[in-house]
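Participant: Just the structure for this:
(2 chains)
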Amino acid sequence: MSMIHKPKYVATVSLLLVLIFALVSIPGLFAAGSRAEDVVELEFWMPGQEPTIRETMQRIIADYEAANPNVRINYTQTPWGDYFANLGAAIAGNLAPDVAGLGYGQFGMLVQDELFQPIPKDDPRFQLDEVGDFFIQAGSFGGELYALLYPENRPLVWRRDHFREAGLDPDRPPQNWEELREYARRLTVYSGNDIVRAGIEIPFLNFGTQIFKSFYAMNHPDGHFWEEGGEPIIPNAEAIETLEYLVSLFQEDRVVFATDMQDVTGTAFMQGIASMAFPQSQSLPVLVQQNPGNLGFAMPPGEVDNKVLTLGTFFSMFRSSNHPEEALDFLAYLYSPEVMWQMYEGILFIPTRDSLRERFLADQDFNAVLAQAIDNPISYLPNPAFGEANSIVAQEVEEAFFGNKTAEQAVNDMARRLREAIR
Amino acid sequence: MFSKRQLRYDYSGYLLLIPNYLIYTTFILYPVLRVIYLSFAQYRFVTPPTFAGLSNYLYLLESDRFRQALFNTMYYWIGTVLVSMALGMLIAVVLNRPKRGVSLFRSIYYLPNLLSLVVVGIAWLWIYNPQIGILNSFLRSVGWRTSDWLRDPDLAMTLVIIPGIWTLTGFNMIIYLAGLQGIDQSYYEVADIEGAGSIRKLFSITLPLLRPISFFVFVMSSIRSFQVFELIYIMTGGGPRGTTTTLTFEVYQMGFMHYQMGRAAAASVVLMFIVLIVTVTNFWYGREGFNDAR
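Facilitator: Numbering: from 1, shown residues only, chains lettered A, B, ... in the order given. Next up, the predicted model:
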C-alpha cells in the first residue's frame, strides 16, 4: 500500500470507529439484554411543568417501589405544551407508556381509538364505591371505565379590598348575572377612557372555550356543547344568551380586559388588575399567599344551575402495556386514598373520595367552596375531534367579542363547524 | 478503465461521504418524502395513515383559517424581510468605516440575532405589557393614548413584526458588511477622481455590486420569516381573532393540537412550495445579478 494513501485509510477507519462508537452510545439501543429479568419496568408519563408535581410524584413512586421491589417505575414529566405532541409521537411509534396522565382533550380524543385498557369497576383495589358518579362517568366511554380523574375546578374568587373601595359588602358575592354585571361596573376603574382595573376577568383570547363553557354551564340545565362522540347540542337559546351576556360585558359595559388565561406574564387577577375571576383551584394557594385574608370564595352565580367547570388530569393505562397486571396495580395505587391525599397536598388536586371529605374541609378555608363545587361539576364529553372542536369554539367566541359576528351568528357557525369537524 | 489504485482511491472517498448521505437521507430526505406522502393521507397518529387523495388540500382550499394564515405569513414576510434588509444595509454602510468603536457597534447590532426567539418573544411581551410595559409607560409620560397593543386585532401582527425585524437586522447587517468589504476599493478611488459624491457612489457602485449579496440576504431572511413560530407562540398564541396565526403555527395547531397530521402535512407542503418558489426565483435573478456585477 502506498504511503500517500495511508492517512486516508486511517481517516476512513477512524471515522467508521467513531460512527460505531456513537451508535453504541445511544442509550438503550443495545441495552435490552442488560435488564434484570425479575424486575418489571413500567413507563409512567405525567403532564405539567411545576416542580411540585415532580417532587410529589417521585415521593409517591418511591413508596410504591419500596412496597413492590419487583416493579420499577420510570417517571417522565413533560410540560403541557409538549405533552400532546410527545404522547402522539409515542403512540405512533408503538412506544406509548404503560400508565399516563392525560388532559381532558387527550382523553376525549383518544378514548374512542381503543388505546386504553378498561378498568374493572368492581376491583376492590380501586374502592370506587366512595367516588361520585360524575368522576366515574368522566373517565368512561361506551359504558366502560377507562380513566380516573384527579380534578380541579374554577370557583368565583374576588378581592375584598376592591369590594370595600367600590362600596360593596366584601362578604356578599354577586348572586346572579345581573348582579355580577352591576358589581363589575362598580369595581372597574378607569383612567380617562382606559380601563385600569377590570371589574371581572373574562379570559376570552385563545382559550375562550373554557370561560364560555363556565358561563354556559350556569345557564343551561345540561351544560354540554356536544354529546358523547362530538355531535353538537348547540345552537340553542341558552348558548346565544350566554355569549351575548359575556360580549356585552366587554363591548357595552367595558368592565373586561381582553386577556388570555395562558399569558406568560400571568392572569389579570393574579396581577391585581381584576377584581373578580374564575381561577383554577390549583392556583388558589398562590393567590391566598399573595393576598392574605383579602380574597373571597364562592360558587359561580348560576342563572339556571350552579355547575362549576371541573377539569383535571386523568390517569389511564395503555392497552399496549407489556405488563398489564402490574400497570393495573400501579393505577389502583395512584387512586388509593393515601396517594389521593398526597396528590392534594402536593399538586392540589381535589380529593374525590368520601373518606377524605372531612379532612379536606378542615385543611383550608376555601376548601368548603371547592367541595361544594366538586359536588356540582360539569366538564366535556369525549369527542374524537376534541382539539379542533375546542379551537372552533374559541375562534367563534373571539369573533363575537371583537364584533365580527353577532353572538347568534357565532354560535350557529360554531355548531356548523363542530358538526363538520367530526365528519 | 480505472486502475486498481484509482478504484481504491475512489472507494475511500465514497466511504467518507456515507455519513453525510446517511444523515441527509435520515433527517432530511426521508422526512420530506414522508410529509409529502402524509399530505395525501388521513392520519391521526393513533391509527395507521390511510390514503385520502386530495382531501387535505381541498380542506385547505376551503378553510378560512388557512387562508388567513397564508395572508398573515405573507404580511409577516414582507414586513420583516423588506425592513430588515433596508436597515441591515444602512447599518452595514454606516459601520463599514475604520472608525473607533465600530467593532463594538457591529457586535451590539448583531447580538439580537444570537438570542433565542423565545427570549426575544418574552422580552417584547413585557415591553408591550399594557400595565407595566415600557411602551405604555413612555406613552403615559408624554400624555399619549395607551393601549393593550397585542390584544388589538388591527395591530397585533405589526407588533409581532417589530421583534422579527429586530432579530433579522443584525444577521442581514453582517452579511452586507462582508459584501461591502469584498468590493474593490479602486472603484471608489476612480469615483473620487471623477468627483462623485457619497450618494452617487452608493447608488452607482455600492448597491449594484451588492446585488448578489442582497439576493442571498433576501432568501435567507425569507426562509426565516416563513418559519416564524416561537414569536407567535409566546407573544400572541395566534390571536387575537387569528390575526397572528402564521402557516407554521397553523401546522403546529393542526398536527399537534388537533392530531390532524394529514392536514398539517398538506399545509407544510404548501409552505415548502412557497419557500421553493422564493429560493428558485432568487437563484435565477441572483445569478443574473452576479453576472451583471462582474
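
Participant: so what's B:Lys161 closest to, chain neighbours aside?
Facilitator: Small correction: residue B:161 is Ile, not Lys. Leaving out its chain neighbours, the residue that sits closest to B:Ile161 by Cβ to Cβ, 6 or more residues apart in numbering or on different chains is B:Gly79, at 4.0 Å. C-beta here means a position set from N, CA and C on the backbone, and glycine is covered the same way.

Participant: give the contact list for A:Thr310.
Facilitator: For A:Thr310, the contact set (Cβ atoms under 8 Å, 6 or more residues apart in numbering or on different chains) comprises A:134, A:151-154, A:373-374, A:377-379.

Participant: circling back to that earlier point, and the residue nearest to B:Ile161, helix, strand or coil?
Facilitator: With DSSP: H, G, I helix; E, B strand; the rest coil as the basis, the three-state label of B:Gly79 is helix.

Participant: surely A:Val308 meets A:Pro151?
Facilitator: No: counting by Cβ atoms under 8 Å, A:Val308 does not reach A:Pro151; the two are 10.1 Å apart.

Participant: Can you verify B:Val270 is assigned to a helix?
Facilitator: Yes: B:Val270 sits within a helix when classified using three-state DSSP.

Participant: Quick check: it touching B:Leu247?
Facilitator: Yes: taking contacts as Cβ under 8 Å, B:Val270 lies within contact range of B:Leu247: 7.3 Å.

Participant: Now for these two: what residues contact both?
Facilitator: B:Leu70.

Participant: Tell me which of these two has more neighbours.
Facilitator: Legend: neighbour count by other Cβ atoms under 10 Å in any protein chain shown for B:Val270 and B:Leu247, higher for B:Leu247 (24 against 19).

Participant: Could you measure from the more buried one over to B:Phe66?
Facilitator: As judged by Cβ to Cβ, to the nearest Å, B:Leu247 and B:Phe66 stand 8 Å apart.

Participant: what residues are shared contacts of those two?
Facilitator: Taking Cβ under 8 Å, 6+ apart as the contact criterion, the residues that touch both B:Leu247 and B:Phe66 are B:Ala267.

Participant: need the helices for the stretch 101-250 of chain B, in chain order.
Facilitator: Taking DSSP state H, counting those that start in this stretch as the test, the helices found in the stretch 101-250 of chain B are B:102-114, B:117-128, B:134-141, B:156-181, B:185-194, B:198-201, B:207-209, B:211-226, B:230-235, B:247-252.

Participant: A:Asp329 is nearest to which of those helices?
Facilitator: Taking Cβ to Cβ as the measure, the helices of the stretch 101-250 of chain B were each checked against A:Asp329, and helix B:247-252 came out nearest at 37.4 Å.

Participant: What lies in contact with the closest one?
Facilitator: Helix B:247-252 is touched from outside by B:65-66, B:69-70, B:73, B:226-229, B:232-233, B:238, B:264, B:267-268, B:270-271, with contacts defined as Cβ under 8 Å, 6+ apart.

Participant: Filter the residues you listed down to the buried ones.
Facilitator: Under a neighbour-count criterion of 16 or more other Cβ atoms under 10 Å in any protein chain shown, the subset of these counted as buried comprises B:65-66, B:69-70, B:73, B:226, B:228, B:232-233, B:238, B:264, B:267-268, B:270-271.

Participant: about what we covered before: out of the contacts of A:Thr310, what pair is the most spread apart?
Facilitator: Distances among the contacts of A:Thr310 were taken as Cβ to Cβ; the most separated pair is A:Phe134 and A:Arg154, at 15.4 Å.

Participant: Looking at the two, which is more packed in?
Facilitator: Regarding A:Phe134 and A:Arg154, a neighbour count based on other Cβ under 10 Å identifies A:Arg154 as having more, with 22 against 17.

Participant: re earlier: in a markdown table: the helices of the stretch 101-250 of chain B, plus mean pLDDT.
Facilitator: Formatted as a markdown table, those follow (pLDDT from 0 to 100):
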| stretch | mean pLDDT |
| --- | --- |
| helix B:102-114 | 87 |
| helix B:117-128 | 92 |
| helix B:134-141 | 87 |
| helix B:156-181 | 94 |
| helix B:185-194 | 90 |
| helix B:198-201 | 88 |
| helix B:207-209 | 89 |
| helix B:211-226 | 90 |
| helix B:230-235 | 92 |
| helix B:247-252 | 94 |
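
Participant: Is it possible to get JSON lines of the ones you listed that adds distance to A:Pro384?
Facilitator: Listed next are the helices of the stretch 101-250 of chain B as JSON lines, based on distance: least, Cβ to Cβ, whole Å:
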{"stretch": "helix B:102-114", "distance to A:Pro384": "43"}
{"stretch": "helix B:117-128", "distance to A:Pro384": "32"}
{"stretch": "helix B:134-141", "distance to A:Pro384": "44"}
{"stretch": "helix B:156-181", "distance to A:Pro384": "32"}
{"stretch": "helix B:185-194", "distance to A:Pro384": "67"}
{"stretch": "helix B:198-201", "distance to A:Pro384": "65"}
{"stretch": "helix B:207-209", "distance to A:Pro384": "57"}
{"stretch": "helix B:211-226", "distance to A:Pro384": "32"}
{"stretch": "helix B:230-235", "distance to A:Pro384": "26"}
{"stretch": "helix B:247-252", "distance to A:Pro384": "20"}
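
Participant: is it true that B:Val228 touches B:Gly79?
Facilitator: No: under the criterion of Cβ under 8 Å, B:Val228 makes no contact with B:Gly79, lying 10.7 Å away.

Participant: Now do the shared contacts for the two.
Facilitator: Taking Cβ under 8 Å, 6+ apart as the criterion, B:Val228 and B:Gly79 both touch B:Gly164.

Participant: leaving aside the residues next to it on the chain, what's closest to whichever residue of the stretch 101-250 of chain A sits closest to chain B?
Facilitator: Here the stretch 101-250 of chain A gets closest to chain B at one residue, A:Asn206, 4.1 Å apart by Cβ to the nearest Cβ. In space, A:Asn206 comes closest to B:Gly237 once its chain neighbours are excluded; the distance is 4.1 Å by Cβ to Cβ, 6+ apart.

Participant: Let me know the closest of the buried ones among the contacts of helix B:247-252 to A:Val10.
Facilitator: Where the buried ones among the contacts of helix B:247-252 are concerned, and distances follow Cβ to Cβ, A:Val10 has its nearest neighbour in B:Ser268, at 43.0 Å.

Participant: For the closest one, give me its contacts.
Facilitator: Neighbour list for B:Ser268: B:35, B:39, B:251 [criterion: Cβ under 8 Å, 6+ apart].

Participant: Run a quick neighbour tally on residue 255.
Facilitator: No chain in the question, so chain A it is. Considering only other Cβ under 10 Å, A:Val255 is surrounded by 27 other residues.

Participant: that's the wrong chain, I meant chain B
Facilitator: B:Gly255: 23 surrounding residues under other Cβ under 10 Å.

Participant: got the contact list for it?
Facilitator: For B:Gly255, the residues meeting the contact criterion (Cβ under 8 Å, 6+ apart) are A:85, B:261, B:263-265.

Participant: For it, give me phi and psi.
Facilitator: B:Gly255 adopts backbone torsions of phi -80, psi -50, taken as degrees, to the nearest 10.

Participant: Tell me where the model's unsure across the stretch 1-150 of chain B.
Facilitator: B:1-10 (pLDDT under 70).

Participant: Would you mind naming what in it lies close to chain A?
Facilitator: For the stretch 1-150 of chain B, the contact set with chain A under Cβ under 8 Å from any Cβ of the partner chain comprises B:5, B:8-9, B:12, B:15-16, B:19, B:44-47, B:65, B:122, B:125-126, B:129-131, B:146, B:148.

Participant: again, 6 Å this time
Facilitator: B:12, B:15, B:45-46, B:129, B:131 (Cβ under 6 Å from any Cβ of the partner chain).

Participant: Find me whatever residue is spatially closest to B:Val120, sequence neighbours aside.
Facilitator: Among residues not flanking B:Val120 along the chain, B:Pro163 sits closest, at 5.2 Å (Cβ to Cβ, 6+ apart).

Participant: what about that neighbour, how many residues close to it?
Facilitator: Counted with other Cβ under 10 Å, residues neighbouring B:Pro163 total 23.
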